[in-house]
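*Asks:* Give me a model of this one.
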Amino acid sequence: MKKIWNNIVSKLIVINISYGILDIFLSSFLISYIMRSFDNQIVGVALFYIFWAATVWAGFVAVGDWTKRKNKMNVFRISILLRIAACIILGICELNMPVAILVASILGLSDGAMNLPWHNIISEKLTRQQLIQYSGYRQSVSHLAKVTLPVLIGALITASSYTVMVWLVIPFSVLSFLVSFTVQSKPTSTQPVRLRPYARRACQCRFTRRLLWAEFLRGLSFDRITVMMTMLIVYFMHTDLALGGVKSLQSLFMIVMGIILGRFLTPAGFPRLIALADFCIVAVSLIFFAMPTTPMLITYLLIYTVAEKIFFQMMEMNMTNGSNYNTLNCRHKIEYFITRESTLNLGRIVNLLGLLVIGLMGGGVNAVIIYLVAMVLLTIPVARLSIGISCDINKKNPR
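*Replies:* Sure thing, here's the model as predicted:
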């Protein structure tokens, strides 16, 4: 037990899981709560996530200098406190548009303040093979908890209310806050953040330019598909209990996938796995779009979830490995991660503005499905770029 706890991979997994369990509550069930709280469901969801995406970027920029020149884990701990504050607001206030915007903004700042130091900690402390172990085993362990929690949360929300359940999930954030003190981090630079000079040089670097373009298209396409999926579950199945049941089934599939990735995946396998994952995403999506029924939706969600998570993990590992790819990114990691987050969130905002337009024009479930078709097809160029990025990384460092 002591050997496991002293392993940096184990510590990072514990922190990430305890922090991430709250995401069950602040993602799918929050979308359902928003949809039940507003007459125009699509507009409510779109506006919430537009403010969230904008403030995620603001959070990155706000803590950039602190992350670079001071203790990264202190920044991470502040992000946890912001999340707890957002949960308290959800627990005591009735959801209306001002409250939704306030909560979205706080959660965005929290996620931005968490992601920047976290990406840097992982980049600094994990080798490429440890990164694979962390990504794979984290998925399996986290989804063990998520097998039962979504059904339980869905049942309790159905029996009581979302605002009552908020108070029961806050302790998970407190746990991640406490465990974070076991991970030490020292300042890596005395120089301030300089985004403009880095951005100019990044645009001249073929590798970094392609990676940023892939991140923009990711934000425009499959990064927001999960939001649309939850909306479809609510449209087709109506209850939080059904939403929880689907999420639990997805977690069972994810456990097996995570174990396989953590045990058998090697860097050389990235390109083939990305291609296979994207093929599954496109194929199963087109089948569902041709036959949009409830049984087909459940089948679609189960297959898509595994393929999307594989794709997501490959891109995340490409992004982390890209921070060590060349001298430019290695010496300017904070600037690299802020620039990456800026391009990703620009894609997210463009996507959400499209969803907002659909809502303002009175679109419903059919309009959301059509919008999903376009998003799914955009994953094809994302896959091609990601395969090229993986190949570049493997050529530079094949081990």
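*Asks:* Going by C-alpha atoms from here, please, whenever you check contacts or count neighbours.
*Replies:* Fine.
*Asks:* Settle this for me: residue 346 is touching residue 218, isn't it.
*Replies:* No - with contact defined as Cα atoms under 8 Å, residue 346 does not count as touching residue 218 (10.2 Å).
*Asks:* Same drill for the two, tell me which one is more crowded.
*Replies:* Of the pair residue 346 and residue 218, residue 218 is the one with more neighbours under other Cα atoms under 10 Å, namely 25 against 20.
*Asks:* Skipping adjacent residues, who's closest to the more buried one in space?
*Replies:* Using Cα to Cα, 6 or more residues apart in numbering and skipping the chain neighbours, the partner closest in space to residue 218 is residue 382 (6.4 Å).
*Asks:* what pLDDT does that neighbour get?
*Replies:* For residue 382, the pLDDT comes out at 91.
*Asks:* Please apply the same query to residue 267.
*Replies:* Residue 267 is given a pLDDT of 63.
*Asks:* 52 is where my numbering starts, stick with that
*Replies:* Got it, the first residue is 52 from now on, which makes the last one we talked about residue 318.
*Asks:* quick one: buried residues of the helix or strand harbouring residue 349?
*Replies:* Taking DSSP states H and E as the definition, residue 349 sits inside helix 345-373. By neighbour count on 16 or more other Cα atoms under 10 Å, the buried set for helix 345-373 is 347-349, 351-373.
*Asks:* And stretch 149-158, by the same measure?
*Replies:* 150, 151, 152, 153, 154, 155, 156, 157, 158.
*Asks:* Show the contacting residues for the fifth one.
*Replies:* Pointing back at residue 154 there. The neighbours of residue 154, taking Cα atoms under 8 Å, 6 or more residues apart in numbering as the test, are 137, 140, 141.
*Asks:* List just the nearest of those residues to residue 258.
*Replies:* residue 137 (37.8 Å; Cα to Cα).
*Asks:* and the helix or strand containing the closest one, what other elements does it pack with?
*Replies:* Assigned by DSSP H and E, residue 137 falls within helix 123-143. Using 3 or more Cα pairs under 8 Å, 6 or more residues apart in numbering; DSSP states H and E, the elements in contact with helix 123-143 are helix 92-120, helix 148-176, helix 213-230.
*Asks:* how about the ones you listed, which one is nearest residue 81?
*Replies:* helix 213-230 (8.2 Å).
*Asks:* Show me what that closest one packs onto, helices and strands only.
*Replies:* Looks like helix 213-230 contacts helix 59-77, helix 123-143, helix 179-210 (3+ Cα pairs under 8 Å, 6+ apart).
*Asks:* Lowest average confidence across these, which one?
*Replies:* Taking the mean pLDDT of the helices and strands packed on helix 213-230, helix 179-210 comes last: a mean of 62.
*Asks:* got a list of what residue 265 touches?
*Replies:* Applying Cα under 8 Å, 6+ apart, the residues near residue 265 are 432, 433, 436, 437.
*Asks:* Reformat the buried residues of stretch 149-158 as JSON lines; add distance to residue 131.
*Replies:* Below are these laid out as JSON lines (distance: Cα to Cα, whole Å):
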{"residue": "150", "distance to residue 131": "20"}
{"residue": "151", "distance to residue 131": "19"}
{"residue": "152", "distance to residue 131": "19"}
{"residue": "153", "distance to residue 131": "17"}
{"residue": "154", "distance to residue 131": "14"}
{"residue": "155", "distance to residue 131": "15"}
{"residue": "156", "distance to residue 131": "14"}
{"residue": "157", "distance to residue 131": "11"}
{"residue": "158", "distance to residue 131": "10"}
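*Asks:* Once you drop chain neighbours, what's closest to the spatially most central residue of the chain?
*Replies:* In the chain, the residue lying closest to the centroid (Cα atoms, centre = their mean) is residue 274, at 7.4 Å. Once flanking residues are discounted, residue 274 sits nearest to residue 399: 7.4 Å by Cα to Cα, 6+ apart.
*Asks:* Does that neighbour touch residue 271 like I think?
*Replies:* Yes - the pair residue 399 / residue 271 is scored as a contact, 5.2 Å apart, by Cα under 8 Å.
*Asks:* if we can go back for a sec, can you tell me the element the residue nearest to the centre of the chain falls in?
*Replies:* Counting by DSSP H and E, residue 274 is part of no helix or strand.
*Asks:* So what does it have for phi and psi?
*Replies:* Main-chain dihedrals, residue 274, degrees, to the nearest 10: phi -60, psi -30.
*Asks:* got it, and the one 3 residues further on?
*Replies:* The phi and psi values for residue 277, taken as degrees, to the nearest 10, are phi -60, psi -40.
*Asks:* measure it to residue 427 for me?
*Replies:* To residue 427, residue 277 is 11 Å away according to Cα to Cα, to the nearest Å.
*Asks:* coming back round to it: looking at the helices and strands packed on helix 123-143, which is nearest to residue 66?
*Replies:* Closest among these, using Cα to Cα: helix 213-230, at 4.9 Å.
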